[in-house]
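**Student:** Coordinates for the following, if possible.
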Amino acid sequence: MEIRPTTDQDFEVFVDTLHAAFGLFPEAPVDGGGRWWSALEADRCLLAATADGQPVGTAATYPFELTLPGGALVPVGGVSAVGVLPSHRRQGVLSAMMRQQLADLRARGESLAVLLASEAPIYGRFGYGPATCTAKLTVTRHQAAFAAPRARGGAPAPETGSVEVLRRAECGELLEKVYDRYRRAQPGALSRPHRWWELRAGQPPVSPAPRYIAVHRDADGTPDGYASYAVEAGTLTVDETIATDDTVFTALARFALGHDLVSKVVFRHVPAGHPLRWQFADFRAGEVSGDTDWLWVRLLDVPGALTARGWSLDGELVLDVDDPFLGERGRHLLTVRDGRADCVPTDREPDLSLDIRDLGSLYLGGTAPSTLIRAGHVRAHRPEAAARADALFRTERPPHCLHWF
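**Tutor:** Numbering: from 1, shown residues only. Down below sits the predicted model:
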């Protein structure tokens, strides 16, 4: 079997093979683009073929930036378009493509890979761990009165901005700028390269699907948030709410819940622990469902990844990390001082022993080490190691990702 990068000349073969793997047919071109795979870059696509040249598998990565705890932006490979023809599954094609892809990402100098898992059991064996979660919040509109803040000094800033309704086709450049401002401040968020917006590749509001956009502007008229939505059969569904702070999110939520002739409002991609439910006079007005994993993270360079992110507490931790898929193992001394980390090889006794996929789950701060210790995934070698690891990996702002790829 041969695994090679595609070229512009055989990119259509890649697309056809990918669709055949899932029993689909490529959709016809539409005005303004909108094919989900059109933002793929040929030199980041892999095509697996048999000895006689028959294409049997595909895998690709998008070049993204990932926002880390502490605000650093790092290049990552966003894994997508992974498929194997039904006639060649369980013959090692997927494993070979994943191994080649990780080698290519390392050669590009990328210390992290990320993906959205179509099936949760598949990617753990390749070293990926679920690192962010997302949920859907369904609000019964007639119950959704907002309560007055009770804590003295704890009220949110007064709403001084405004909301304007636009059609998706009218505001592409505005959405791109607002999203970029948001993702730079949100740990776990991915960039949306201009190529995505230009080709309208992805899901709403990137795609050309008809949507209304509620744009929030601050007191000076500068756009600082938006909600992409559609109304059908009495339900208003918000594809995504992008807000630079909680006050903007609340303003956009109030707008959606004030829409006429709507009985329910569904907010997709609500971060874990979001305060919106707590703002209602009736806590049961909002029902959380679809709580699921979203972004999966895979470390390719453990010291490089750990020193790239910010840390909120000083301390030391010895991590014994096993990477069975790549056949690698290393023991690392993580030392944090003044928010920055140093990570070097050590022969000291470990505080924690863990698989590379579990380190991926911990990396952005969305999962506490003690949770994985209690689950039997991570071994703590000292009684105080769990609490120390929890304190080190904890972040001020939970990670969240809503970009689909």
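
**Student:** Which parts of stretch 1-13 count as buried, going by neighbours?
**Tutor:** Across stretch 1-13, burial judged by 16 or more other C-beta atoms under 10 Å covers 3, 6, 10, 11. The way it works is simple: take the backbone N, C-alpha and C, and place the C-beta from them, glycine included.

**Student:** same check, this time on stretch 186-198
**Tutor:** Quick answer for stretch 186-198 (16+ other C-beta under 10 Å): 186, 187, 188, 189, 190, 191, 192, 193, 196, 197.

**Student:** Just to be sure, which of the residues you listed are found in helices?
**Tutor:** 196, 197 (DSSP state H).

**Student:** what sits opposite residue 216 in the beta ladder?
**Tutor:** residue 163, residue 225 (DSSP bridges).

**Student:** element containing residue 228?
**Tutor:** Counting by DSSP states H and E, the element that carries residue 228 is strand 223-232.

**Student:** Just list what that strand packs against, helices and strands only.
**Tutor:** Using 3 or more C-beta pairs under 8 Å, 6 or more residues apart in numbering; DSSP states H and E, the elements in contact with strand 223-232 are helix 172-185, strand 212-217, strand 235-243, helix 246-257.

**Student:** So what's the model's average confidence on the shortest one?
**Tutor:** For strand 212-217, the per-residue pLDDT values average out at 98.

**Student:** Other residues contacting it?
**Tutor:** Contact with strand 212-217 is made by 161-168, 170-171, 174-175, 178, 205, 223-230, 243, 248, 251-252, 255-256, as judged by C-beta atoms under 8 Å, 6 or more residues apart in numbering.

**Student:** For PyMOL, write the select line for the buried members of the residues you listed.
**Tutor:** In PyMOL, this line selects whichever of those come out buried by 16+ other C-beta under 10 Å:
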select buried, resi 161+163+168+171+175+178+205+223+224+225+226+227+228+229+243+248+251+252+255+256
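
**Student:** can I get the CA coordinates of stretch 165-173 in PDB?
**Tutor:** Provided in PDB are the C-alpha atoms of stretch 165-173 (Å, rounded to 0.1, in the frame of the first residue of the first chain):
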ATOM      1  CA  VAL A 165     -30.700  42.100  12.300                       C
ATOM      2  CA  LEU A 166     -29.000  41.400   9.000                       C
ATOM      3  CA  ARG A 167     -29.100  38.600   6.400                       C
ATOM      4  CA  ARG A 168     -26.200  36.300   6.200                       C
ATOM      5  CA  ALA A 169     -25.300  37.400   2.700                       C
ATOM      6  CA  GLU A 170     -24.900  41.000   3.900                       C
ATOM      7  CA  CYS A 171     -22.300  40.600   6.600                       C
ATOM      8  CA  GLY A 172     -19.700  38.000   5.800                       C
ATOM      9  CA  GLU A 173     -16.700  40.300   6.500                       C
END
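
**Student:** tell me the average confidence for that stretch?
**Tutor:** 95.

**Student:** And the helices in the protein?
**Tutor:** 11-21, 93-107, 120-123, 172-185, 194-199, 246-257, 302-308, 356-363, 369-374, 385-393.

**Student:** would CSV of the buried residues of stretch 186-198 with pLDDT and distance to residue 103 be doable?
**Tutor:** Below are the buried residues of stretch 186-198 laid out as CSV (pLDDT from 0 to 100; distance: C-beta to C-beta, whole Å):
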residue, pLDDT, distance to residue 103
186, 97, 30
187, 98, 28
188, 98, 26
189, 98, 27
190, 98, 22
191, 98, 24
192, 98, 27
193, 97, 24
196, 96, 26
197, 96, 31
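
**Student:** closest to residue 118 among the buried residues of stretch 186-198?
**Tutor:** Nearest to residue 118 out of the buried residues of stretch 186-198 is residue 190 (C-beta to C-beta; 17.4 Å).

**Student:** Now do the contacts for that closest one.
**Tutor:** Residue 190 makes contact with 64, 65, 66, 67, 76, 78, 114, 183, 295, 401, 403, 405, according to C-beta under 8 Å, 6+ apart.

**Student:** Show me those residues that map onto strands.
**Tutor:** Assigned to strands by DSSP state E, the following of those qualify: 64, 65, 66, 67, 76, 78, 114, 295.

**Student:** quick one: which of those is nearest to residue 44?
**Tutor:** Residue 44 has its nearest neighbour among the ones in strands among the contacts of residue 190 in residue 78, at 9.5 Å by C-beta to C-beta.

**Student:** circling back to that earlier point, out of the helices and strands packed on strand 223-232, which is closest to residue 332?
**Tutor:** Among the helices and strands packed on strand 223-232, the nearest to residue 332 by C-beta to C-beta is helix 172-185 (28.5 Å).

**Student:** Quick one: list the elements packing against the closest one.
**Tutor:** Using 3+ C-beta pairs under 8 Å, 6+ apart, the elements in contact with helix 172-185 are strand 55-67, helix 194-199, strand 212-217, strand 223-232, strand 235-243.

**Student:** Give me the residues contacting the fourth one.
**Tutor:** The reference is to strand 223-232. Applying C-beta under 8 Å, 6+ apart, the external contacts of strand 223-232 come out as 161, 168, 171, 174-175, 177-178, 181-182, 204-205, 210-218, 236-245, 248-249, 251-252, 255-256, 259, 261-262.

**Student:** Let me know the angle separating that strand from strand 235-243.
**Tutor:** With axes from the mean of the first three to the mean of the last three C-alpha atoms, to 10 degrees as the basis, strand 223-232 and strand 235-243 are set at 170 degrees to each other.

**Student:** do the first one as well
**Tutor:** Our comparison of strand 55-67 with strand 235-243, counting by the same axes, to 10 degrees, yields an angle of 60 degrees.

**Student:** Give me the angle between strand 55-67 and helix 356-363.
**Tutor:** 30 degrees.

**Student:** so who does residue 304 touch?
**Tutor:** Residue 304 sits next to residue 111 when contact means C-beta under 8 Å, 6+ apart.
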